[in-house]
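[1] Could you work out the structure for the sequence below:
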Amino acid sequence: MKLQSILVATDFSDCSGAAFQTAAALAETYNAKIVLLHVINWKRLAVVAEYLGREPESLVPELRERAQSQLADFLKRWNSKGLQVETIVAVGAPFQEIAVIARDLAVDLIALGGYGAAGRGPVEEVFFGSTAEKVVRLLPCPVLCVPMEAVCQDPEARNA
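    Numbers count the residues shown, from 1 in each chain. Below is the predicted model of the structure:
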């Protein structure tokens, strides 16, 4: 397998940090490019906009700016190797945007956290499935789903 570009999707959770660390190790080994993607969830945005009495589109510029700032903070925390990383902020359904961007960029691998910032609720899993599962179903390229435990470098501490 040729590994030239890796897409890492983040929701800023520690689990997506583990996915980034894993992707960074692969990128360093294979001299691959990393693209870090955050998707502003359109459904959640619409709920917030309705609560605020605003149009969802009116919130997008501020949310994009905030997401770019969070991506910079995420990289300060997780990019200990100092790799060059391209960042993208998209708006939509996370699994669909990940799939579209992965196809558009023709990435060789997608790295995702095993679960997101919202965790894994049984109701959400039964009715919606996970973003990672949906991405796996949509794309022909490999998808690396990294568990939270991968954040921990010491194998002994993982079992503690």
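[2] tell me which element Phe12 falls in.
    Taking DSSP states H and E as the criterion, no element holds Phe12; it sits outside all helices and strands.
[3] Based on its surroundings, how many neighbours for it?
    Neighbours of Phe12 under the rule other C-beta atoms under 10 Å: 18. Glycine gets a C-beta too; all of them are placed from N, C-alpha and C.
[4] repeat for Ser69
    As a burial measure, the neighbour count of Ser69 was computed by other C-beta under 10 Å and equals 10.
[5] Would you mark the buried spots in stretch 12-25?
    Phe12, Ser13, Cys15, Ser16, Gly17, Ala18, Ala19, Phe20, Gln21, Thr22, Ala23, Ala24 (16 or more other C-beta atoms under 10 Å).
[6] now, which of those sits nearest Pro61?
    Minimum separation from Pro61 among these (C-beta to C-beta) is found for Phe12, which lies at 19.2 Å.
[7] how close does that closest one sit to Ala72?
    Relative to Ala72, Phe12 is positioned 11 Å away (criterion: C-beta to C-beta, to the nearest Å).
[8] Assumed Val8 was part of a helix.
    No. According to DSSP: H, G, I helix; E, B strand; the rest coil, the state of Val8 is strand, so it is not within a helix.
[9] what's the neighbour count on it?
    Using other C-beta under 10 Å, the number of residues around Val8 comes to 29.
[10] now Gln68
    Using other C-beta under 10 Å as the criterion, Gln68 is surrounded by 14 other residues.
[11] Quick check: which element contains it?
    Element membership for Gln68, per DSSP H and E: helix 56-78.
[12] before we move on, what about Val91?
    Following DSSP H and E, the helix or strand that holds Val91 is strand 85-92.
[13] That strand: partners in the sheet, and parallel or antiparallel?
    Strand 85-92 has the following strand partners under DSSP bridges: strand 33-41 (parallel).
[14] Who are the packing partners of the helix or strand harbouring Glu133?
    If you go by DSSP H and E, Glu133 is part of helix 131-138. Other elements packing on helix 131-138 under the criterion 3 or more C-beta pairs under 8 Å, 6 or more residues apart in numbering; DSSP states H and E are helix 94-105, strand 109-113, strand 143-146.
[15] Same list, the ones you listed, but as TSV with distance to Val48, mean neighbour count and mean pLDDT please.
    Compiled in TSV, the helices and strands packed on helix 131-138 are given as follows (distance: least, C-beta to C-beta, whole Å; neighbours: other C-beta atoms under 10 Å; pLDDT from 0 to 100):
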stretch	distance to Val48	mean neighbour count	mean pLDDT
helix 94-105	16	19	93
strand 109-113	23	27	92
strand 143-146	28	19	87
